[in-house]
Every structure is written in structure tokens, then in C-alpha cells.
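1. Let's see this in three dimensions:
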Amino acid sequence: MDISGLLKYFIPKEKKFYAMFNQAAENTIEASAALDKLINAETMDERRAIGLTVKAIEKKGDEFTNQIFDILNKSFITPFDREDIHELTATIDDVVDLIYGASSKIDIYRCQNISTYMKQMVGEINKGCYQIKTAVGGLDDIKHSQKVLKACKEIGKMESRVDEYYQMAISSLFENEKDPFELIKQKEILLNFEKIANKMEDVSDVVKTILVKYA
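-> Numbers count the residues shown, from 1 in each chain. Predicted coordinates:
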């Protein structure tokens, strides 16, 4: 082991990062809960109002991201590799950005039909964001990593379920939707939901990489 590797066991680590990671992870829960409320809203006016909430949550997420990057640039001691902190922070922010993007498309496209598959996908995404909070929240005690690994495993299961719903939704859409414009709009929204789930799995992958390095 080189000197830098040895020193990491004796130099106290900057603790404020963990609280900020938790804030960013909590923001994914708020964003996904708002998206779930939006997708289940009965009118376009309701969706538009909820969309403004999602936009505010996305702006708050940007603030968390910028704060973490600012502290990262000023900190001599970090809890783990700077590259991993940057990747974790950016990937969590991407989840919220994609949620906001999906909510915006629902408003812009004025979709007339919100399918059961869409609601199921968003419900899974919301559940998965709670697992992100658990996974990220466990990084301050990575010597006891089983809880973190379990959450990461659940995120993987969530992504698989969302992918299954996506495949079924696309099949149903092409079989039953007669309006080509509505088909295109719904297909785009479904694809956005799948991208959210994929990005959430990316968060899980970053967390697992950190565990491999430091557990």
C-alpha cells in the first residue's frame, strides 16, 4: 500500500458531504412523488400545476449539485475519491433532470391517454428513489455495507420491472392506438420513463463502485 493509501485510514474525513448526498437523494424522492401525482392527475390543468412543482424541485437539485461541487473544489480531505463524488452527485442530479424532462413532455404533448403501464412505471420509479436514499445514506458507514447492497439490488429489480412494463406498454400501444400523433407522444413519454429507471441504476452502480474501493 502506498503512503496516500495508508494515510486515508488515519486522516479524519470531511463529514458534511454525507449530509449533502442525503439531501440530493431525498430530492429524487420529492421529484418522483410529484411525477407520480402528476401522472395520476385527472386534468391537464392539474398536471400543469404539478409540473411547476417538479420544476422547482429540479432547480433545488441543481443547487445541491452546485454546492457539493463547490465544496469538493475547496476540500482537501474527502470521504472517498473526488471522481466518485463527482460521478455520484452528477448521476443523482441526472435522475431529477430526467424526471423534470418527463413531466415537461407530458404537459407539452397534452397526452389524452395516460395508460396503466405509465402509472405502474412511475410508481416503480418512486419506490426506487427510496432505495437510492437508503443506498446513498449508507455510505457514511460502508464497513456495514449489507443494507447498501440490498438497496442497490432492489434498484436493479426496479429497473427490470420498469423495462418489462415498457415492453408491454409499447406492444399495447402499437396494437391499440389508432391516432399516429398520440402514439408518437406516448411512445416518447414511455421512453423517458425507461431512461429515468436506467439512470437510477447508474446511481446504484456508482454506489457499488465506492463500496468495492472502500468497504
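2. rest of the way, CA atoms for contacts and neighbours
-> Will do.
3. Compute the distance between the nearest residue to residue 214 once chain neighbours are set aside and residue 49, please.
-> The shortest distance from residue 214 to any non-neighbouring residue, by CA to CA, 6 or more residues apart in numbering, is to residue 142 (7.2 Å). Here the criterion is CA to CA, to the nearest Å. By it, residue 142 lies 40 Å from residue 49.
4. Of the two, which one has the most company?
-> Neighbour tally, residue 142 and residue 49, criterion other CA atoms under 10 Å: the higher count belongs to residue 142, 17 against 12.
5. and the spatially most central residue of the chain, what is it in contact with?
-> In the chain, the C-alpha nearest the mean C-alpha coordinate belongs to residue 95, at 3.4 Å (CA atoms, centre = their mean). By CA atoms under 8 Å, 6 or more residues apart in numbering, the contact list for residue 95 reads 28, 196, 199, 200.
6. Which ones among these lie within helices?
-> Counting by DSSP state H, the contacts of residue 95 place 28, 196, 199, 200 in helices.
7. With respect to residue 212, which of these is nearest?
-> Proximity to residue 212 was ranked across the ones in helices among the contacts of residue 95 by CA to CA; first place goes to residue 200, at 18.8 Å.
8. residue contacts, that closest one?
-> 91, 92, 95, 128, 129, 132, 155, 159.
9. can you list those residues in TSV and add secondary structure and distance to residue 103?
-> What follows is the contacts of residue 200, written out as TSV (DSSP: H, G, I helix; E, B strand; the rest coil; distance: CA to CA, whole Å):
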residue	secondary structure	distance to residue 103
91	helix	19
92	helix	17
95	helix	13
128	helix	18
129	helix	16
132	helix	20
155	helix	21
159	helix	19
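10. thinking again about what came up before, quick check: of the contacts of residue 95, which has the highest neighbour count?
-> residue 28 (29 neighbours).
11. What about residue 44, how many residues nearby?
-> If we define neighbours as other CA under 10 Å, then residue 44 has 15 of them.
12. again with residue 171
-> Number of residues near residue 171 (other CA under 10 Å) recorded here: 11.
13. can you give me the helices in this protein?
-> Read by DSSP H, the chain holds these helices, from start to end of the chain: 3-7, 16-39, 44-74, 82-109, 116-137, 146-176, 180-214.
14. would you turn these into CSV with mean pLDDT?
-> Formatted as CSV, the entries for the helices of the chain read as follows, by pLDDT from 0 to 100:
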stretch, mean pLDDT
helix 3-7, 43
helix 16-39, 95
helix 44-74, 94
helix 82-109, 96
helix 116-137, 97
helix 146-176, 96
helix 180-214, 95
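15. Could you tell me what pLDDT the model assigned to residue 215?
-> On the pLDDT scale, residue 215 is placed at 68.
16. what about the spatially closest residue to residue 35 that is not a sequence neighbour, how many neighbours?
-> Distances taken as CA to CA, 6+ apart place residue 103 nearest to residue 35, at 6.5 Å, with adjacent residues excluded. Under the neighbour criterion other CA under 10 Å, residue 103 is assigned a count of 28.
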